[in-house]
Each structure stands twice: as C-alpha cells, then as structure tokens.
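> Test case, fold it:
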Amino acid sequence: MEIFNVILYPFAWLLRTLYFVLGNYGLAIIVFCLISKVVLFPISLKGKKSMVRMSALTSQQQAIQKKYAGDKNKINLEIQKLYEREKINPLGGCIWSLLPLPVLIALYSIIRKPLYYMMSLTADQVNELSNFLFGKVISSTNTGEITIAQELFRQFDAVKAALPDIADKIFRLDFSFLGLDLAAIPQWNILQYGTYSWANIGLFLLPIISAAISYVSMKYSMKSNNTSGAPQEGSVAATNKSMTLMMPIISLWIGFTLPASLGVYWIANSVFMIIQEWITNKLIRKDVAAEAARAAERERLEKEQEEERKKKNAANRAKSIADKERKNQFEQVKQQKKDRQQGKTDGEVMEASRVGLRAYARGRAYDPNRYAVTPYADSAAAKDNAGEAQSEEKDTPELDLLTPSESMPVQPELPSAVSEQEDDGFDTPEETEEEDKEE
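Here you go, the predicted model:
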C-alpha cells in the first residue's frame, strides 16, 4: 500500500495545485487529463507508428489467408512469423489506448479520498473531522471522504476554529462544475431524482456523452491507422473491433458507477485523444508514406522472387522430364541391341545363314542392315585367268602383221578338273555371282 501511495502522491499534488491555480474542480480535472496526455504523448506516438506499420501489412496478411484458406492454425502461424520478421507487436498499437486507465485508477483514488491525498490528513484526523461534522465516523465507506469534504466546504470556518490541529491543512473543496455536483454518482434511472433539474439531467447525460465521444474517438483512431485503405481481416480486425466496442462500454460503466468527476475526466480524455490522433497523423505522415513505399517495394520483390522460383521449378521439371526420356531411350536401345544379339528382335524372321557358298555367313548376331552383301569370287581361279592372259599377250604378234583369222584369240581349254566339277554340279564363279544377284 505504501508503494501505491508513493505513486499517487505526485498525482494528488498536481490536482491540488491545479485546483488552487484555476479555482475550479472541473477545470482542474480537465487540465490534469491534458497534462497526462502530454506526458504520455511519446508512448502514444510509438503506438501510433506500430499501428501504421501493421496496417501496411494488410495486403500480405490477406495473401496468407488466401493461400492457407481453411487452415486457421497455419494462417495464425504464418501471420505470427510475419510479425516477427517485421518486428511488430500486434498489440503494441492498442496498448497505448489503455494507458489512460492507470491514470483513471489513480485519479479515482484521489477523488474518492480527497482528505487523505489532497489535504494530507491522517486516518485519525479524518475520523476526528467526521465525528465533529456528523457525530460519527463515515470515512470507511467508498464516498465517505467525499461527503465529509462537501460538509467541510459548508462549515469550513467552524471546523477551522474547532480543530486547530488540522486548520493549516484543510481548505474549501468545491465539487461543483457547470451546475453539476461532481462528487455525486449519476443514476441510470432518472426518475428517482424526483425533479428534472439541470443538475439531475446533466448527471444522467454525462455517462452517455462520455460513451458516445469515446466511440467516435476510437473510430477515428482506427480509421487513421488504416493507411492502406484495404479492409482489415483476421486478428487485426478482431482486435480493432473489440477495442472500438470495449472503450465506450467502459466509459458507460464508469459514468454510472463512479463519481461524476471521473465522467468529466473520461470525456476530456476522449476529446484530447481525437486531437492527439490528428497531431500524430501530421507528424508521421512522412513515415506513413515511407512505410507504404517500403511495403510496396517489399511486395514487388516478393512477387519477383515468387516468379523466379516458379521459373526455376518449371526448368527443373523440364530437365527432369528430358533426362527421364533420354534414359528411357537409352534403355530401349540397349534392350533392342540385347534382343538382336539373342536373336529375339521383334518382327524379324531368322533365315538360314547360308549365303552362296558361305554356309554360316549370317551368324547368330547377324544384322541385315549392318553390311552389304558382297559377291563371292574364287581367288585361285582369278589368279589362273590372270596368268593365262599375261602369257597370251607375250605370244601374240603385232596386229598389223597378222591376218584377221590369225588375230582372233584362241579359246583356252578349261582344265579337266573344272569340267569334272561342272559334271559334279559345282557352279563357276560367274554362275555363283548370277545366283547371288537373283537371290
């Protein structure tokens, strides 16, 4: 509790100083809110930049959702990887919207116990003051000190004279603002007031006005954050929607459950937030343009990389298909060669290997298209014919000295062995050549 008091005392000192300077409790609360906004502005600006960066990733998030449609876990995982790669906290832009809440809690504590925080009275001194004004201790209730402070305002001179030990600490604390009692708690049932005075109607309208301005402030903030103009989807859209609805509901709840002074603070906070959004938009306009340019360049590079990857994959597939076809052709040729060697070539009828006198000319691996058929010639007979021709040339006289009858060559007699071969059925080389041609 002591640590909490250490935090609250600076806020209490600020509110007290503003009240003494301005002389109005409502104005002091409004200026208090303004000062807190100025102090927290750097943090708010950082949150605004985070929201702008997230907005620039809308197109990439939509691409992820389209790519992994139907798989929510995969979508969330890829979006989380995108945030980590871009170093973005998806909740960073919304945290700054919740910063007024701690200030509101501190202000509520100060407003609820003005004697303790603003007048620095001890618990015993508060009880002594309560006994003097009401004849009993009422400071233990939530609004007990507020009631005591209101009565102190009316009997200030009497209290100061009767209790000199606290006379130098107490002061008149007027909770009125624009005809409203900021120490009172607005009631949602306006009929229970009995009279329809401005004081009662104003208290009833205060929470409603607070919720309405809070909604406008959140809508304006979300619109200014969406720099891409594309509709937001996924977790970002859900977060923005929840924030847009949650803040007005909180405002409405605060307005009807806490003193009206906190409703004034919340209205001032929403108005200052709209002004702050306008200022931050002006300040980060260049950053928004630069971020949009970086996002466009990043998207262009990713598309180029995707196209390059597709081309590379297509080339690899084509190469794989070509290699497979070449391998199949090689295997087919190899198999055909093997079949020919085994004499099993499809459609080929193996004939007798005899070609003329060559009984086994074809062989087992015979290929009719490999070599042309050559005619058979008896080398021994060719040599004999060549020798006889040379001897005839030597014995033949000059043509101009011979008579026509003498110039006729004498037909040589065939050897008896050849005649016997003819009788035995063997063919001469000329007949063998003619038979080969006929075949």
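> pLDDT below threshold where in the stretch 101-250 of the chain?
Applying pLDDT under 70 to the stretch 101-250 of the chain flags the ranges 139-142, 191-194, 225-240.
> Can you show me the strands along it?
Using DSSP state E, counting those that start in this stretch, the strands found in the stretch 101-250 of the chain span residues 176-177, 180-181.
> Name the stretch among those strands that sits most buried.
strand 180-181 (a mean of 21; mean count of other CB atoms under 10 Å). Heads up, the C-betas are built off the backbone N, CA and C, glycines and all.
> which residues does the residue lying closest to Gly202 once chain neighbours are set aside contact?
In this structure, Gly202 finds its nearest non-sequential neighbour in Leu180, 4.7 Å apart by CB to CB, 6 or more residues apart in numbering. Residues in contact with Leu180 (CB atoms under 8 Å, 6 or more residues apart in numbering) are Gly26, Trp198, Ala199, Gly202, Leu203, Leu206, Ala260.
> Would you agree the fourth one is in contact with Gly179?
If I follow you right, that is Gly202. Yes. Gly202 is within contact range of Gly179, at 6.6 Å (criterion: CB atoms under 8 Å).
> Those two - which one has more neighbours?
More crowded of Gly202 and Gly179, by other CB atoms under 10 Å: Gly202, with 17 against 9.
> How about the contacts made by that one?
The contact partners of Gly202, by CB under 8 Å, 6+ apart, come to Leu178, Gly179, Leu180.
> Next, work out how far apart the last one and Asn189 are.
The reference is to Leu180. Applying CB to CB, to the nearest Å, the value for Leu180 to Asn189 is 18 Å.
> burial measure for Ala315, as a count.
Ala315 has 10 neighbouring residues, counting by other CB under 10 Å.
> Go ahead and list the helix or strand containing it.
Per DSSP states H and E: Ala315 is located in helix 285-341.
> Identify the residue spatially nearest to Ile146, adjacent ones excluded.
For Ile146, the closest residue by CB to CB, 6+ apart turns out to be Ala183, at 4.6 Å.
> my read: the one you found touches Phe175, true?
Yes. Here Ala183 reaches Phe175: they are 3.9 Å apart, a contact under CB under 8 Å.
> what is in contact with these two at once?
Joint contacts of Ala183 and Phe175 (CB under 8 Å, 6+ apart) are Ile146, Ala149, Gln150, Ser261.
> ranges for the helices of the stretch 51-200 of the chain?
Per DSSP state H, counting those that start in this stretch, the stretch 51-200 of the chain carries helices over the ranges 58-67, 72-86, 92-95, 100-112, 114-117, 123-134, 144-154, 156-162, 198-225.
> Can you tell me which of those helices is most buried?
helix 114-117 (a mean of 23).
> what sits up against it?
8-9, 12, 109-110, 121-123, 125-126, 129, 139, 145-146, 148-149, 173.
> mind running it again at 7 Å?
Leu8, Ala12, Ile110, Leu121, Val126, Glu145, Ile146, Ile148, Ala149, Leu173 (CB atoms under 7 Å, 6 or more residues apart in numbering).
> Please name the nearest non-neighbouring residue to Lys136.
Ser130 (6.9 Å).
> sorry, back to before: in terms of neighbours, single out the busier of Ala183 and Phe175.
Comparing Ala183 with Phe175 by other CB under 10 Å, the one with more neighbours is Ala183, at 23 against 20.
> Go ahead and confirm the more buried one touches Gln150.
Yes. Contact criterion CB atoms under 7 Å: Ala183 and Gln150 qualify, at 5.8 Å.
> Mutual contacts of those two, please.
Contacts common to Ala183 and Gln150, judged by CB under 7 Å, 6+ apart, are Phe175.
> which ones are touching the residue nearest to Ile146?
Ile146, Gln150, Phe175, Pro259, Ser261.
> Identify the farthest-apart pair in these.
Gln150 and Ser261 (12.3 Å; CB to CB).
> Now list whatever residues contact both of the two.
Joint contacts of Gln150 and Ser261 (CB under 7 Å, 6+ apart) are Phe175, Ala183.
> Please produce JSON lines containing the shared contacts of Ala183 and Phe175, extended by distance to Ile105.
As requested, these are exported to JSON lines (distance: CB to CB, whole Å):
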{"residue": "Ile146", "distance to Ile105": "17"}
{"residue": "Ala149", "distance to Ile105": "20"}
{"residue": "Gln150", "distance to Ile105": "23"}
{"residue": "Ser261", "distance to Ile105": "14"}
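> In terms of distance to Lys303, which of those ranks first?
Nearest to Lys303 among these, with distances taken as CB to CB, is Ser261, at 56.4 Å.
> what's the spacing between the closest one and Phe134?
22 Å.
> Please report phi then psi for Asp178.
Just so we're on the same page, residue 178 is Leu rather than Asp. Here the main-chain torsion angles of Leu178 (degrees, to the nearest 10) amount to phi 60, psi 40.
> residues contacting Ser120?
Applying CB under 7 Å, 6+ apart, we find Ser120 in contact with Lys169.
> Extract the C-alpha trace of the strand or helix carrying Ile254 and format it as CSV.
Applying DSSP H and E as the criterion places Ile254 in helix 234-257. In CSV, the C-alpha atoms belonging to helix 234-257 read as follows (Å, rounded to 0.1, in the frame of the first residue of the first chain):
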residue,chain,number,x,y,z
GLY,A,234,-8.0,-11.7,-39.2
SER,A,235,-6.7,-10.9,-35.7
VAL,A,236,-6.1,-7.2,-36.5
ALA,A,237,-9.7,-6.7,-37.5
ALA,A,238,-10.9,-8.6,-34.4
THR,A,239,-8.6,-6.6,-32.1
ASN,A,240,-9.8,-3.3,-33.6
LYS,A,241,-13.4,-4.2,-33.4
SER,A,242,-13.1,-5.3,-29.8
MET,A,243,-11.3,-2.1,-28.8
THR,A,244,-13.9,0.0,-30.6
LEU,A,245,-16.7,-1.6,-28.6
MET,A,246,-14.9,-2.1,-25.3
MET,A,247,-13.8,1.5,-24.7
PRO,A,248,-17.4,3.0,-24.9
ILE,A,249,-18.7,0.3,-22.7
ILE,A,250,-16.0,1.0,-20.1
SER,A,251,-16.9,4.7,-20.4
LEU,A,252,-20.6,4.0,-19.8
TRP,A,253,-19.8,1.7,-16.8
ILE,A,254,-17.5,4.3,-15.3
GLY,A,255,-20.1,7.1,-15.7
PHE,A,256,-22.9,5.2,-13.8
THR,A,257,-20.8,3.7,-11.0
